[in-house]
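Trainee: from the sequence below, what's the structure:
(2 chains)
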Amino acid sequence: MGEVSEQNGSKCWSCGGGAAPGDVCPECGRLQAFAAGADHWTVLGLERRLALDRADLGRRFHALNRRLHPDYFRLRSPEEQAISLEASAGVNAAYRALRDPVSRVEYLLELEGMGLGAAGQAKPPADLFEEILELQEARMELAAAGPDEAPALRARLESARAEMASRRSGAEAELVARFPEWDQGDAATRRRLLGAMRDILATRAYLRTVLRDLDAALSVPSDGGQTDL
Amino acid sequence: MTDLTIGVSPGARPRASTEGGGTDGSRAAELVVGIDLGTTNSLVAYMDRGAPRVIRDDEGRGLVPSVVAFGAAGSVVGDAARRMLVRNAERAVYSVKRFMGKGFEDVREELRYFPFHVTPSQEIVRIRIGDRELTPPEISALILRDLRVRAERHLGRSVEKAVITVPAYFNDAQRQATKDAGRIAGLDVLRIVNEPTAACLAYGLQRRKEGVIAVYDLGGGTFDISILRVKDGVFEVLSTNGDTHLGGDDFDRALVDLVVDELRARHGVDVAAEAETVQEIRLGVEAARVLLSSEERTVLALPLPQHGLTYRRELTRAELEAAIAPIVSRTLGPCRSAIADSGLRAEEIDEVVLVGGATRTPLVRRKVQELFGRTPHSELNPDEVVALGAAVQADILAGGTTHMLLLDVTPLSLGIETLGGAVSVLIPRNTTVPTSANESFTTSVDGQSVVDMHVVQGERDLAKDNRSLARFDLRGIPPMPAGLPRIEVTFLIDANGILSVTAKEVRSGTQASVEVRPTYGLSEDEVERMIDESLEHAEADVRARALIDARNEADTVLRATEKALVQGTELLDPQEASRIRAAVDALAGARQGEDPAAIREATAQVNEATQRLAEQLMDSALRNTLRERRVVDLPAGEGR
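Mentor: So this is what the prediction gives:
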């Protein structure tokens, strides 16, 4: 599924024969670089789609590294070593970005010029605004609380944490639910869906920050950055 | 083909005759050794026809204590150096790995545990030995050189290339320091490989099992946890975590503190400032701790003649565990973080493997079992498995092993300091290496030709709380109005986990030059100078080594001769006896001197003088043995 048909027209940098990017030249056996500007899907030999099978990604990641990892090119020419290093870094970056649905969408938004930027433009969900302000207070109270009040405050924050975590998982599920539609949609549909997904990501980014703060207040190792998917 | 490493071979004999004439005979495979440069012990291994093998000395010992002692004549490494710890502690350096890639301020706190002196400074650690000052890479280089010589003697050929292991949680500076050490030792370091992943390679080769494996590696001074997915020969590290300042050393420190406190309380003696005494206590408690891994109780007896007393106490496993429990607990947080970062739940981990000598401690095993909910594996010797894995990776790089591939990660997030002292992360932790990231910079003043940036490693939000790696100056920016230049900087972390930086000014297309000022590292010039110095000292060290070897051999011969003289009293005529006595006296005299050749010559004289006696003793021993065998063995028959 999603296999790109034979990439034609590329010439081997060494012998000038026909050779596919990211593969070894069938004529002279030299490793070929990926095309300049190739996106992560192309590097992994895929069409640009959001619904991806993680196990399949893992297999491609292994198979490509088996072919072009620098360990196998140490005895080759400096040119080939450099190509291998860059190509391997490219495969690693592609796999890292695409294996996780959230970073996959973030990458797509970036490609489409709709990136969230470094800070992720966190936006609070409207219906939770009040709740989040109250949590802020509860956190401060916990920090200053004596042994009598602490357990109740802690319990309150813990239940809030569970609520926020489930909202975050909900946001991620909502995101993934749009994938098939984007994959099959026309340009206008895709545009609309990207906007929607961008909003979901902004909500999620906000929830993540809230969760991190709660984790810090409850002093548990934070998994605010983890995705449950 | 016979295998000479089975059994104890007398003398280090070049084994070239069994090498190279391999099965294919097409070309001599490139020789790359694998080195585990440990906090407490180091080892060297190589791939011997498809199987990794630790190189052992004549007595069958693979471990070389990571101790370097500096005598008047030169430096020595290993057991001989370890013995010097209790005689001349100021001139013996151990656990130097804890200082690799560190600044003086980083280690200030723990210096009280070490007998040697460290020069206070703003930069990297410098250890003072007499009138010399040595950096940790230089001292590590002496250990590496010893391992190299050991390998060369065993293999009968020169060894120039190596893979060296480091803790997975080592940062860039610590990795670079290790690589520098290799260069100073005259080795081309083809790869810095992480210890837990090396161990996993060795296990993988051995058992060829697939699944998710957690490697818990508690060594002498460092702790690592790595979680890997193994499939079709690809060893993919999913996450790693650790503490580069946590290990068996800390167990011993807890026990040393206990003994020192008790000496003060019970005997009113304060030995804390006596370097040699503290070393004696340290070696004593270490031996007791090792014993308590298999015994329930032991007696700790430390004669302290200088204080006219012997410290004696029973130590039970329960007491040991009470003393080290807080240290063991410190390993659990990193384990939980690594599990979280792997994206898996603890139940999804198929196997747990134990690596490092300190994992022999029953308490450690129990805690690991509790955390992961399964019995940990330790089929391969936890002291040797890392070196074996290093040999496997060495063989992959030499083009020998092709069915395995290691995909490791960078343990710490890499970032640059932004305005206001915050960190902008460029490469997050647990990213598979090699990996690269690009970042654009511009100027803030018209005509500015230099932009500098500060690169840090770590997980904290503020630059000052992370590890400062280096400051980079981007030079050669063509003069332009402020904000117009666009300098594209590429940060590349290679498969060693080591960073390199290149830069290009995009608008003019000029290659900007990058000047690196490492925060806790050696400059290229310093490394070059150290390589030269190392060669100079190498000659002195070879002489020092030869002297020690000659004296050891003289001692062996003297002891054997004394014994033979007693056993063979009735076999000797007076003339022969006096000739032997004269040779023995001459050797005893030569042994006091500093000339290894003279000692060897005198040793040969004794051997010659005792030759007849030795033969006669051998004959009579043989006759006795035969008599005994006739009685014991013959009834069973010679069933061949």
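
Trainee: can you tell me the distance between the two ends of stretch B:411-420?
Mentor: By CA to CA, to the nearest Å, the extent of stretch B:411-420 from end to end equals 26 Å.

Trainee: what's in contact with that stretch?
Mentor: Defining contact as CB atoms under 8 Å, 6 or more residues apart in numbering or on different chains, one finds that stretch B:411-420 is touched by B:168-172, B:194, B:240-242, B:423-430, B:437, B:439, B:453-459, B:463, B:466-467, B:469, B:491, B:493, B:497, B:499. C-beta coordinates here come from the backbone N, C-alpha and C atoms, glycine included.

Trainee: can you tell me which of those are up against chain A?
Mentor: Restricting the contacts of stretch B:411-420 to those near chain A by CB under 8 Å from any CB of the partner chain leaves B:Ser424.

Trainee: which of the three states applies to B:Glu236?
Mentor: strand (DSSP: H, G, I helix; E, B strand; the rest coil).

Trainee: quick one: it and B:Arg229 touch, right?
Mentor: Yes: contact between B:Glu236 and B:Arg229 holds when scored by CB atoms under 8 Å: they sit 4.9 Å apart.

Trainee: mind checking which of those two has more residues around it?
Mentor: The neighbour count for B:Glu236 versus B:Arg229, taken as other CB atoms under 10 Å in any protein chain shown, is higher for B:Glu236 (22 against 19).

Trainee: now do the contacts for that one.
Mentor: B:Glu236 neighbours (CB under 8 Å, 6+ apart): A:61-62, B:228-230, B:407, B:432.

Trainee: swap in B:Ala358?
Mentor: Residues near B:Ala358 by CB under 8 Å, 6+ apart: B:218-220, B:247-248, B:251, B:364.

Trainee: separate out the buried members of the residues you listed.
Mentor: The neighbour-count test (16 or more other CB atoms under 10 Å in any protein chain shown) marks B:218-220, B:247-248, B:251, B:364 as buried among the contacts of B:Ala358.

Trainee: leaving out sequence neighbours, find the closest residue to B:Ala512.
Mentor: B:Ala503 (4.1 Å; CB to CB, 6 or more residues apart in numbering or on different chains).

Trainee: just to be sure, that neighbour is in a strand?
Mentor: Yes: secondary structure of B:Ala503 (three-state DSSP): part of a strand.

Trainee: can you pull the residues of the stretch 51-200 of chain B lying near chain A?
Mentor: B:Leu190.

Trainee: helices of the stretch 51-200 of chain B, start to end?
Mentor: B:79-84, B:104-107, B:136-155, B:172-184, B:195-207 (DSSP state H, counting those that start in this stretch).

Trainee: just want the angle from the third one to helix B:172-184.
Mentor: For the pair helix B:136-155 and helix B:172-184, the angle between their directions (axes from the mean of the first three to the mean of the last three CA atoms, to 10 degrees) equals 50 degrees.

Trainee: what helices or strands is helix B:136-155 leaning on?
Mentor: Packing contacts for helix B:136-155, counted by 3 or more CB pairs under 8 Å, 6 or more residues apart in numbering or on different chains; DSSP states H and E, involve strand B:32-37, strand B:41-48, strand B:64-65, strand B:67-70, strand B:75-77, strand B:161-166, helix B:172-184, helix B:524-567.

Trainee: got those as a markdown table, with mean pLDDT and mean neighbour count columns?
Mentor: Shown next, in a markdown table, are those (pLDDT from 0 to 100; neighbours: other CB atoms under 10 Å in any protein chain shown):
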| stretch | mean pLDDT | mean neighbour count |
| --- | --- | --- |
| strand B:32-37 | 98 | 30 |
| strand B:41-48 | 97 | 25 |
| strand B:64-65 | 96 | 22 |
| strand B:67-70 | 94 | 26 |
| strand B:75-77 | 91 | 25 |
| strand B:161-166 | 98 | 26 |
| helix B:172-184 | 96 | 25 |
| helix B:524-567 | 83 | 15 |
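
Trainee: quick one: those as a markdown table, columns for distance to B:Val353 too.
Mentor: Output for the helices and strands packed on helix B:136-155, formatted as a markdown table (distance: least, CB to CB, whole Å):
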| stretch | distance to B:Val353 |
| --- | --- |
| strand B:32-37 | 16 |
| strand B:41-48 | 18 |
| strand B:64-65 | 24 |
| strand B:67-70 | 28 |
| strand B:75-77 | 30 |
| strand B:161-166 | 15 |
| helix B:172-184 | 23 |
| helix B:524-567 | 35 |
